[in-house]
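J.: Need coordinates for the following:
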Amino acid sequence: MPTIAIAIGKRYYPRMMSPAAWSALAAFAEVIHHPGEEPATKADLLALLPEADAVITGWDVAPLDADVLAAAPRLRAMAHTGGSIKRFVSDAVWQRGIHVTSAAPALARDVAETTLGLMLVGMKRIWPLAQHVRAGGWRETAWWPARELYRKQVGIISASNVGRHVIDLLKPFGVHILVYDPFLTGEQAAALGAEKVELDDLLQRADVVSLHAPAKPDTYHLLDARRLALMKDSALLVNTARGSLIDEAALIAELSKGRFFAFLDVSDPEPPAADSPLRRLDNVVLTPHLAGCIEDCTRLGELAVEELRRYFAGEPPINQVTPDMFARIG
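T.: Next comes the predicted model:
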């Protein structure tokens with residue numbers, strides 16, 4: 001049996017590891033545990049990994065750098081239970097040929113479901129209408145009438161794991177999906193059920209604009225003042241990706257005109273300053289980075305265990321991460 005180390009910290013076991021995950025793990029591996037309540041530091045990994053054939057990592061676990069790998073001669077596989085794996089993997093991991101997988105697709109499902117909910121609530125203008133009714137009003141507000149998602153044009157910025165899940169969730173709503181992604185061909189977009197377009201075209205045509213791109217140097221302020229000005233009056237902007245994708249000063253200036261509505265689960269900086277207009281404007285709802293799983297992330301742990309079961313059984317992985325993929329992930 002392989003020996004698998006759990007480095008996520010015991011405080012996170014109920015949130016990340018279901019009884020089914022523990023049972024599945026015990027069926028094919030010996031398990032050793034980082035004894036601390038918090039995620040393993042570098043010193044913790046140096047103590048934990050010398051006898052490990054694989055490790056399950058998560059948010060805030062120290063990276064697998066050259067020192068850690070030198071102390072872990074048996075280590076052959078890593079299964080990550082968080083989102084982006086980039087911070088946790090060093091060049092030494094690739095040099096050793098360690099098999100790397102990520103549970104990002106499971107996390108993506110949670111983010112996509114939240115995104116769909118924000119689209120529905122946003123199109124219905126539920127937030128401003130509820131505030132208006134609370135203040136004594138009814139249907140006389142400028143935010144009336146509410147609208148439906150049905151037959152609208154929805155712009156998806158990046159066919160990432162989350163973006164693809166959102167496209168799939170939108171299928172019952174009869175929408176026309178526009179997708180901008182420089183790594184996607186027109187044929188691949190059509191196979192997803194979307195029309196591949198350039199970003200400016202998407203912004204001009206979409207009733208809903210939803211961001212799902214990674215944070216990288218070439219996506220920094222992807223939506224700048226010029227591009228935000230292209231958006232339709234009465235459009236809905238949803239950002240459950242990264243705050244740095246939008247020039248926040250330009251967004252505040254555009255929102256101050258009252259042209260469109262925004263749901264922002266992320267900001268830049270995060271959290272926003274206490275006096276930021278994003279906390280006060282009537283046509284924006286800002287939430288504290290909660291689109292992913294919060295209370296129950298156990299499907300991430302279950303996927304990590306399944307990835308390791310497959311690896312040691314010689315079966316194909318579900319979501320292997322390779323060095324050539326790093327240009328596309330944040």
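J.: which ones are touching Lys171?
T.: Neighbouring residues of Lys171 by CB atoms under 8 Å, 6 or more residues apart in numbering: Gly193. (C-beta placed from N, C-alpha, C; glycine too.)
J.: what do you get for Val179?
T.: Contact analysis of Val179 by CB under 8 Å, 6+ apart lists 155-157, 159, 163, 167, 189, 192, 194-197, 202.
J.: Emit the PyMOL select command for whichever of these are buried.
T.: The command below creates a PyMOL selection of those among those that count as buried (16 or more other CB atoms under 10 Å):
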select buried, resi 155+156+157+159+163+167+189+192+194+195+196+197+202
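J.: In strands only, show me the contacts of Val179.
T.: Among the contacts of Val179, the members falling in strands (DSSP state E) are Gly155, Ile156, Ile157, Glu195, Lys196.
J.: For Gly314, state which of those is nearest.
T.: For the ones in strands among the contacts of Val179, the minimum distance to Gly314 (CB to CB) is 36.2 Å, reached by Ile156.
J.: so the closest one touches His212, yeah?
T.: Yes. With contact defined as CB atoms under 8 Å, Ile156 and His212 form a contacting pair (6.4 Å).
J.: who touches both of the two?
T.: Gly163, Val166.
J.: burial count for the residue lying closest to Thr101 once chain neighbours are set aside?
T.: Here the nearest residue to Thr101 in space, its sequence neighbours aside, is Glu307; by CB to CB, 6 or more residues apart in numbering that works out to 4.1 Å. A total of 27 residues lie near Glu307 under the criterion other CB atoms under 10 Å.
J.: Quick check: Glu307 is in a helix.
T.: Yes. Counting by DSSP: H, G, I helix; E, B strand; the rest coil, Glu307 falls inside a helix.
J.: how near is it to Glu30?
T.: Between Glu307 and Glu30 the computed distance is 17 Å (CB to CB, to the nearest Å).
J.: try Arg96
T.: Where Glu30 is concerned, Arg96 sits at a distance of 21 Å (CB to CB).
J.: Met78 now?
T.: Distance from Met78 to Glu30, by CB to CB: 17 Å.
J.: Could you do Ile246 as well?
T.: Distance, Ile246 to Glu30, by CB to CB: 47 Å.
J.: swap in Glu302?
T.: For Glu302, the distance to Glu30 - CB to CB - is 19 Å.
J.: Which of these two has more residues huddled nearby?
T.: Shown here are Glu302 and Glu30; by other CB under 10 Å, Glu302 has more neighbours (21 against 14).
J.: got a list of what the more buried one touches?
T.: Residues in contact with Glu302 (CB under 8 Å, 6+ apart) are Ser18, Ala20, Ala21, Ala24, Ala106.
J.: which residues in the protein form strands?
T.: Going by DSSP E, the chain shows strands at 3-6, 30-33, 54-57, 77-80, 99-102, 153-157, 176-180, 195-196, 208-211, 236-239, 261-264, 284-286, 320-321.
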